[in-house]
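Novice: Attaching a predicted model along with its sequence, questions to come.
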Amino acid sequence: MHWWKKIIESIKAGDVLDTPGKGMNGGNSGKFKINSIDSSKIVISSGNTSVHLEKECFDVLEVAFAKNPNLWLRCASSHSNEAFANSADMLIRERTGSQLARGNYVCSMLEKAGLVKYSMRDNKKWIKLS
């Protein structure tokens, strides 16, 4: 899919990115490092944890925005078994069947690639098409 190519062209191993954080200024954002990139996944480290972001984590969001260009998706990821409603994390969990909280990392990379932009709604940070 088109987004995946744009993402892997926009980041490289060794890059350090910020999670979306709170508010437009990204308060309380965390940092994560891109460890490796291949044709099917991006491996990051967040703290002491290694997280695999499969291509399908990005593809599901590209499809959702293709179906509804006016879509807004919440950036925040929940570390519980329940993802936040209307979130990128929820779509990723439904697609992958995994309960790992990965939406915030994916949103960060989509924003870095210029595919989405952050916006505020109801005091929450969301992504929408650029």
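Specialist: Right, received. Where do you want to start?
Novice: Quick one: residues contacting the closest residue to residue 27 other than its chain neighbours.
Specialist: Closest residue to residue 27 apart from its sequence neighbours, by C-beta to C-beta, 6 or more residues apart in numbering: residue 21 at 5.5 Å. Just so you know, the C-beta spots here come from the backbone N, C-alpha and C atoms, and that holds for glycine as well. Neighbour list for residue 21: 27-30, 125 [criterion: C-beta atoms under 8 Å, 6 or more residues apart in numbering].
Novice: Is it possible to get CSV of the residues you listed that adds distance to residue 40, pLDDT and neighbour count?
Specialist: Putting the contacts of residue 21 into CSV (distance: C-beta to C-beta, whole Å; pLDDT from 0 to 100; neighbours: other C-beta atoms under 10 Å) gives the following:
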residue, distance to residue 40, pLDDT, neighbour count
27, 34, 84, 8
28, 32, 85, 9
29, 27, 88, 17
30, 25, 92, 15
125, 28, 96, 20
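Novice: What are the buried residues along stretch 14-22?
Specialist: Neighbour-count burial for stretch 14-22, with 16 or more other C-beta atoms under 10 Å as criterion, is recorded at 17, 19-21.
Novice: just curious, which of the contacts of residue 21 is nearest to residue 91?
Specialist: Of all those, residue 125 has the smallest distance to residue 91: 16.2 Å, by C-beta to C-beta.
Novice: so which helix or strand takes in the closest one?
Specialist: Element membership of residue 125, judged by DSSP states H and E, is strand 124-129.
Novice: Restricting to C-alpha, output that strand in CSV.
Specialist: Provided in CSV are the C-alpha atoms of strand 124-129 (Å, rounded to 0.1, in the frame of the first residue of the first chain):
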residue,chain,number,x,y,z
LYS,A,124,-8.1,14.9,23.2
LYS,A,125,-5.5,14.5,20.5
TRP,A,126,-6.7,13.0,17.3
ILE,A,127,-5.3,12.4,13.8
LYS,A,128,-6.9,13.4,10.6
LEU,A,129,-5.7,13.5,7.0
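Novice: Paired strands for that strand, with orientation please.
Specialist: Paired neighbours of strand 124-129 in the sheet (DSSP bridges): strand 73-74 (antiparallel), strand 116-121 (antiparallel).
Novice: A strand includes residue 43, no?
Specialist: Yes: assessed by DSSP: H, G, I helix; E, B strand; the rest coil, residue 43 belongs to a strand.
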